[in-house]
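K.L.:
Test case, fold it:
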Amino acid sequence: MKKITTTLFALCAFAFANGQAKDGQLLKGKWLIEANTGFGNNVGSTALYFSNTNGVNAFNIGAEGGYFIKDNLALKLGLGYGEIDGVGEPIAYKVGAKYYIKGMIPVELSYNGIGFGEPDLNPTYVGTQIGYALFLGKNVSIEPGVRYNFATHKQFYDNTFQLNIGFALHF
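P.N.:
Numbering: from 1, shown residues only. Prediction:
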């Protein structure tokens with residue numbers, strides 16, 4: 001049992017040591033493409049999810065892209081589309097910045113929402129997110145994280161909390 005525990009610990013340490021950005025993935029001039037799964041209230045979401053609550057089906061598809069304007073700092077744009085029981089919602093969007101602390105802790109600040117126009121019809125949020133980036137190779141990372149969206153029009157919408165698992169390609 002002691003050998004198995006020691007072996008598992010060594011494998012985890014090796015994966016952690018090799019899972020950091022060390023091949024220039026986060027350098028100025030590089031590109032980032034992300035797809036996130038969203039758990040929680042997916043407001044203004046560019047995430048991928050499907051849910052069925054009380055016979056009501058909902059889904060969302062989306063992606064985000066970014067460009068590193070300096071080492072560890074990317075400016076990002078995202079688009080998404082969703083439906084609830086076959087009725088399409090307006091396009092979801094996200095504009096923001098993502099910074100990687102020590103090349104492995106992504107912190108994001110963004111403005112996201114659904115549609116355009118009057119606030120009572122189209123919610124908007126300022127969101128913050130933090131996570132961990134596990135680099136699986138030169139071009140791929142998995143980034144689990146937590147996100148909190150602050151509603152900009154609280155008279156119409158509430159703040160929301162989300163859990164995300166992101167999959168990123170680095171070029």
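
K.L.:
Stretch 48-63: end-to-end distance?
P.N.:
Counting by CA to CA, to the nearest Å, the length from the leading to the trailing residue of stretch 48-63 is 8 Å.

K.L.:
for the record, mean pLDDT for that stretch?
P.N.:
Confidence for stretch 48-63, expressed as mean pLDDT, is 83.

K.L.:
Return the distance of that stretch from the chain's centre.
P.N.:
The gap between where stretch 48-63 is centred and where its chain is centred comes out at 17 Å by CA atoms, centre = their mean, to the nearest Å.

K.L.:
what does it rub up against?
P.N.:
Stretch 48-63 is touched from outside by 33-39, 42, 45-47, 78-86, 92, with contacts defined as CB atoms under 8 Å, 6 or more residues apart in numbering. Using the backbone N, CA and C atoms, a C-beta is placed for each residue, glycine as well.

K.L.:
so of these, which ones are in strands?
P.N.:
33-39, 78-84, 92 (DSSP state E).

K.L.:
ranking the residues you listed by neighbours, who comes first?
P.N.:
Using other CB atoms under 10 Å as the neighbour test, those are led by residue 36, with 27 neighbours.

K.L.:
my read: it touches residue 80, true?
P.N.:
No - the pair residue 36 / residue 80 is not scored as a contact, 9.7 Å apart, by CB atoms under 8 Å.

K.L.:
what residues are shared contacts of those two?
P.N.:
46, 47, 62.

K.L.:
Export those to JSON lines and append columns for neighbour count.
P.N.:
Conversion of the shared contacts of residue 36 and residue 80 to JSON lines gives the following (neighbours: other CB atoms under 10 Å):
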{"residue": "46", "neighbour count": "27"}
{"residue": "47", "neighbour count": "28"}
{"residue": "62", "neighbour count": "24"}
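
K.L.:
can you put those residues in JSON lines and add distance to residue 105?
P.N.:
Shown next, in JSON lines, are the shared contacts of residue 36 and residue 80 (distance: CB to CB, whole Å):
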{"residue": "46", "distance to residue 105": "21"}
{"residue": "47", "distance to residue 105": "20"}
{"residue": "62", "distance to residue 105": "23"}
